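S.K.: Build me a model:
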Amino acid sequence: MVKQYLQSDRNFDDLAPKFKKKVYGNLKGKIRLAVLKKDLEECYPEILRIAKDTPLHILDAGCGYGPFSLTLARLGHRVTLCDHSERMLEMAAQTIDKENLSMQTTLVHSSIQHFTRDTDRLYDMVLCHAVLEWVTDPRSLIRILLTHLKPGGILSLTFYNLHGMVYKNLLRTNYKKIVRKEYHGWPGSLTPANPLTAGQVLSWIEPHPLTVLCHSGIRVFHDYILDTKDRTRHPDTVLALELEFSRQPPYRDLGRYQHILMKKYSVLHDPSSEKDTAGQGSNRR
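M.R.: The predicted structure follows:
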């Protein structure tokens, strides 16, 4: 079922095929998915189990073509995929039809802001992966997502890391870009217009009833290998080392993307009682 809403912020209709190929169709994509899977296996393992009588309800906010959330639908969970790119949803629909996942999925053609205005549904988990850096008001978007997350629910955020962008340009001797602070991509590129830092995002979630379960870097060294041929050598070793260093500062903080996994508690809940599953502590720092 596809619902139609107005659209806003960056729309990927013009870049959908390029996005699929460049972002997920290579080792870069494998690393991204592997880090997400590792974090969930350690912090929220029930989401990766086969759903039987009680499937979880998941919102993928800015889903693209659903490379991660459709994995959860395959396990039997109920997934709402929302995106304002029609072409992205068409690609998701092709996978859904091919794998007979229509009973587990709902496609919503909308910006997440408009969709959430028209629904009062609460979700067990909200995914917002590689979206914050493409919207005009990412802090407000986090607040919107939290209003649709159940107490005890999980919020998974990934976003393009400003520190990684600066570091890669330093290595490439793009000094003018650094001096001018041109930290944005050009129109038509897959480099986001609004890269963020983990410090920014953690400060935005500070007022909310959340505890941080895990903070990881995605592609902490792969993208900094200057010779592109070297990036494809020993892919299994690269993947294993990316996972090994994904949570270790300072490598974590240079990851091209950051992943922050959080749990929502009730206002009356004492955050100090939350178990620090991945050794990252609460956001109350």
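
S.K.: List the residues that contact P235.
M.R.: Listed by CB atoms under 8 Å, 6 or more residues apart in numbering, the contact partners of P235 are L27, K30. Yep, even glycine has a C-beta here, placed from its N, CA and C like the rest.

S.K.: Nearest residue to Y65 in space, please, no chain neighbours.
M.R.: Spatial nearest neighbour of Y65, chain neighbours left out: M91 (3.8 Å); criterion: CB to CB, 6 or more residues apart in numbering.

S.K.: what about the one you found, distance to W134?
M.R.: M91 sits 18 Å away from W134 when distances are taken as CB to CB, to the nearest Å.

S.K.: okay, the longest helix seen in the chain in PDB with CA atoms only?
M.R.: Secondary structure of the chain per DSSP state H: the longest helix is helix 27-43. Presented in PDB, the C-alpha positions along helix 27-43 are these (Å, rounded to 0.1, in the frame of the first residue of the first chain):
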ATOM      1  CA  LEU A  27      32.500  -3.000  -0.100                       C
ATOM      2  CA  LYS A  28      31.500   0.300   1.300                       C
ATOM      3  CA  GLY A  29      27.900  -0.900   1.600                       C
ATOM      4  CA  LYS A  30      29.000  -4.200   3.100                       C
ATOM      5  CA  ILE A  31      30.900  -2.400   5.800                       C
ATOM      6  CA  ARG A  32      27.900  -0.100   6.600                       C
ATOM      7  CA  LEU A  33      25.500  -3.000   6.900                       C
ATOM      8  CA  ALA A  34      28.000  -5.100   8.900                       C
ATOM      9  CA  VAL A  35      28.500  -2.300  11.500                       C
ATOM     10  CA  LEU A  36      24.700  -1.800  11.900                       C
ATOM     11  CA  LYS A  37      24.200  -5.600  12.300                       C
ATOM     12  CA  LYS A  38      27.000  -5.900  14.900                       C
ATOM     13  CA  ASP A  39      25.600  -3.000  16.900                       C
ATOM     14  CA  LEU A  40      22.100  -4.400  16.900                       C
ATOM     15  CA  GLU A  41      23.300  -8.000  17.700                       C
ATOM     16  CA  GLU A  42      25.000  -6.700  20.800                       C
ATOM     17  CA  CYS A  43      22.500  -4.000  21.900                       C
END
